[in-house]
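A.B. asks: Sharing a sequence plus its predicted fold:
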Number of protein chains: 2
Amino acid sequence: MSEPQAAARAAYFVSDSTGITAETLGNALLANFPGIRFLRHTIPFVDTAEGARNVVSDIDRAADAGLAPLVFTTVKQPVLRRILSEASAVLIDLLGGHLTEVEQALGTTASEQMGQYHGVGDMTRYLERMRAVEFAIEHDDGQSSRALDQADVIIIAPSRCGKTPTTMYLALQYGLLVANYPLTDDDFPAEGLPRPVAKYRERCFGLTSTPLRLSQVRTERRPASRYASLEQCTRELRRAEDLYRRNHVPFLNSSTKSVEEMSAVIMQTLQLRA
Amino acid sequence: MSEPQAAARAAYFVSDSTGITAETLGNALLANFPGIRFLRHTIPFVDTAEGARNVVSDIDRAADAGLAPLVFTTVKQPVLRRILSEASAVLIDLLGGHLTEVEQALGTTASEQMGQYHGVGDMTRYLERMRAVEFAIEHDDGQSSRALDQADVIIIAPSRCGKTPTTMYLALQYGLLVANYPLTDDDFPAEGLPRPVAKYRERCFGLTSTPLRLSQVRTERRPASRYASLEQCTRELRRAEDLYRRNHVPFLNSSTKSVEEMSAVIMQTLQLRA
């Protein structure tokens, strides 16, 4: 029999709202311990004493079964934080201490209402996001050139280099109007950018990849096809990169980057950040 | 002459990676001070001494022009944090202190490599997200019923209640397969759910809104139309809610919720959280 695997350590993200902030920072911290397996639980909307006590019961059960769980919390109400602190766990308060630092810096105390960052906010932002997502859907994969002059960014790349998820991320998170346009064999040989996007060169951003990675990703879609062959991928990527260079279109290699990283690079390069 | 408005306080989010974690937590903290105007700057990819010194120069210029800026940082390298701490600003280290807490809890030190949470991670997750976004685009607004049996969630609602952005958020952030289906006058009067989604009732989730809010949102799209009239909105929402109740479809009112909050409620209700 093989050695039993080390038990996973329980990690809780406990929030009085969506849990997004607790998850984001908690995971950023846990990423520093790649050698340890974590069993993650997100518990959103813990905003009553009863809710907090239920969480404590869950955590205590997990504690009985193994090592003390880690609990990352962004719960704001002191009375709820006190209840959570009674759990048999290591409580890491992601907001509390920093809130005091910010209060001192600003010379004022946090408002009683306690704003909610992931709350609906104003209708303007809501409409902006909705419009951006719809623009992205309409302009996915070169489907439409209607109102293309309104695009903040046009992402161009060969098939499967990450255009669509990056487009959607920029739209959803930042309300940017993003179109994307595929480079296919029909676009080569050519000196210039494909006609529909050529006049918006300064808003274009190219994606590339490595032939091996692209071939792997394409194989998921069409196994053993010419489309997924290393040869075809190599040629398409070389041509795309030549095209970007010739036309002074900035580009990045998506093979080692997440959607979030690509989005951050694109915004920085095209100076789209507020 | 009117009183000059209070100057905005500069707030920097400084990161050695995308800046997402710094922005998320920094904004969550600032949301507690709704009375103060902040001028926000995100500076990603600060991963060299030179980069850090440039940031310090920027911050010092802002400091000269007004009150000491707030600097929220997730930069991990101690040498870079030391450089940043020389800025004329209040430095709030969002990771450092918590990292020590986590190290103590785990009885180990953070790995030298320092994992990157928003890095590309494994290819499986990348493909999952890509597939989810494409599924969402294909199934937006009831456009396709292909492979609908694979959907984790089917969001149903009258036009402009927030189906599309919520769908996209669930796909992009959580890799869930999400379809959405519009409820129109053609679906009424009817006892049951629209035919294409009826057999997946237990995966359906309904959205509703308030007549006034829906009318405002629709007015953005088609001003002074019957579609945007308060009367039409009132009728559609009442019918939709009746339909949800009759068919035991869980639903929420989107008028006071952000896309993030709706997504969190949907995942919790349908138990889609890992």
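C.D. replies: Good, I have the coordinates. Everything numeric in this text was worked out from a predicted model, so none of it was measured. Residues are numbered from 1 along each chain as shown, chains lettered A, B, ... in the order given.

A.B. asks: and the nearest residue to A:S144 once chain neighbours are set aside, how many neighbours?
C.D. replies: Among residues not flanking A:S144 along the chain, A:E138 sits closest, at 5.1 Å (C-beta to C-beta, 6 or more residues apart in numbering or on different chains). To be clear about C-beta, it is placed using only N, CA and C from the backbone, and glycine gets the same treatment. Number of residues near A:E138 (other C-beta atoms under 10 Å in any protein chain shown) recorded here: 12.

A.B. asks: A:E138 is in contact with A:R146, isn't it?
C.D. replies: Yes: A contact is recorded between A:E138 and A:R146 when judged using C-beta atoms under 8 Å, the distance being 7.1 Å.

A.B. asks: What parts of the stretch 151-274 of chain A come near chain B?
C.D. replies: Remark: the part of the stretch 151-274 of chain A in contact with chain B comprises A:162, A:164-165, A:168-169, A:171-172, A:213, A:216-217, A:220, A:255-261, A:263-265, A:268, A:273-274, using C-beta under 8 Å from any C-beta of the partner chain.

A.B. asks: are any of these buried, and which?
C.D. replies: Using 16 or more other C-beta atoms under 10 Å in any protein chain shown as the burial test, those include A:162, A:164-165, A:168-169, A:171-172, A:213, A:216-217, A:255, A:257-261, A:263-265, A:268 as buried.

A.B. asks: Which of those residues fall within helices?
C.D. replies: A:164-165, A:168-169, A:171-172, A:213, A:216-217, A:259-261, A:263-265, A:268 (DSSP state H).

A.B. asks: And the strands in chain A, which stretches?
C.D. replies: A:9-14, A:38-43, A:70-73, A:90-93, A:153-158, A:178-183, A:204-208, A:251-253 (DSSP state E).

A.B. asks: ok, A:V71 touching A:R9?
C.D. replies: No: using C-beta under 8 Å, A:V71 makes no contact with A:R9, being 11.6 Å away.

A.B. asks: Looking at the two now, which is surrounded by more residues?
C.D. replies: A:V71 (28 against 20).

A.B. asks: Do you know the pLDDT at that one?
C.D. replies: Confidence at A:V71, expressed as pLDDT, is 97.

A.B. asks: thinking A:L80 is in contact with A:R53, fair?
C.D. replies: No: in this structure A:L80 lies outside contact range of A:R53 using C-beta under 8 Å: 9.6 Å.

A.B. asks: who's more crowded, those two?
C.D. replies: A:L80 (21 against 16).

A.B. asks: Pop the domain breakdown of chain A in here.
C.D. replies: A:9-106, A:123-269 (automatic domain parsing).

A.B. asks: Quick check: bridge partners of A:L91?
C.D. replies: Beta-bridge partners recorded for A:L91 (DSSP bridges): A:V71.

A.B. asks: Who are the contact partners of A:I43?
C.D. replies: A:Y12, A:F13, A:V14, A:S15, A:G19, A:V55, A:D58 (C-beta atoms under 8 Å, 6 or more residues apart in numbering or on different chains).

A.B. asks: Sorry, slip of the keys, the one I care about is A:R131.
C.D. replies: A:G175, A:L177.

A.B. asks: Also A:L29?
C.D. replies: A:F72, A:I92, B:L95, B:H98, B:L99, B:V102.

A.B. asks: any idea how far A:L252 lies from chain B?
C.D. replies: Plainly put, A:L252 is 12 Å away from chain B if you go by C-beta to the nearest C-beta, to the nearest Å.

A.B. asks: State the distance from that residue to B:R81.
C.D. replies: 27 Å (C-beta to C-beta, to the nearest Å).

A.B. asks: So which of those two has more stuff around it?
C.D. replies: Per other C-beta under 10 Å, whichever of A:L252 and B:R81 has more neighbours is A:L252, with 22 against 19.

A.B. asks: Give me the below-cutoff pLDDT ranges for chain A.
C.D. replies: A:1-6, A:111-122, A:274 (pLDDT under 70).

A.B. asks: which residue ranges form the helices in it?
C.D. replies: Using DSSP H, helices in chain A cover A:20-30, A:49-65, A:78-84, A:96-106, A:123-138, A:163-174, A:195-198, A:211-221, A:230-246, A:259-269.

A.B. asks: okay but A:T269 is in contact with A:V249, surely?
C.D. replies: No: counting by C-beta under 8 Å, A:V249 is not a contact partner of A:T269; they are 10.3 Å apart.

A.B. asks: residues shared between the contacts of the two?
C.D. replies: A:F205.

A.B. asks: Which residue of these two possesses the greater neighbour count?
C.D. replies: Counted by other C-beta under 10 Å, A:T269 and A:V249 do not tie: A:V249 has more neighbours, with 20 against 13.

A.B. asks: Look up phi and psi at A:P194.
C.D. replies: Main-chain dihedrals, A:P194, degrees, to the nearest 10: phi -50, psi 140.

A.B. asks: Check the gap between A:R245 and B:V71 for me.
C.D. replies: 37 Å.

A.B. asks: Equivalent analysis for A:F135, please.
C.D. replies: Distance from A:F135 to B:V71, by C-beta to C-beta: 34 Å.

A.B. asks: cool, and A:L29?
C.D. replies: 19 Å.

A.B. asks: again, but for A:E191
C.D. replies: 46 Å.

A.B. asks: now swap in A:T42 and tell me
C.D. replies: 29 Å.

A.B. asks: and what of A:A240?
C.D. replies: For A:A240 relative to B:V71 (C-beta to C-beta), the value is 39 Å.

A.B. asks: Ok, A:T219 next?
C.D. replies: 45 Å.
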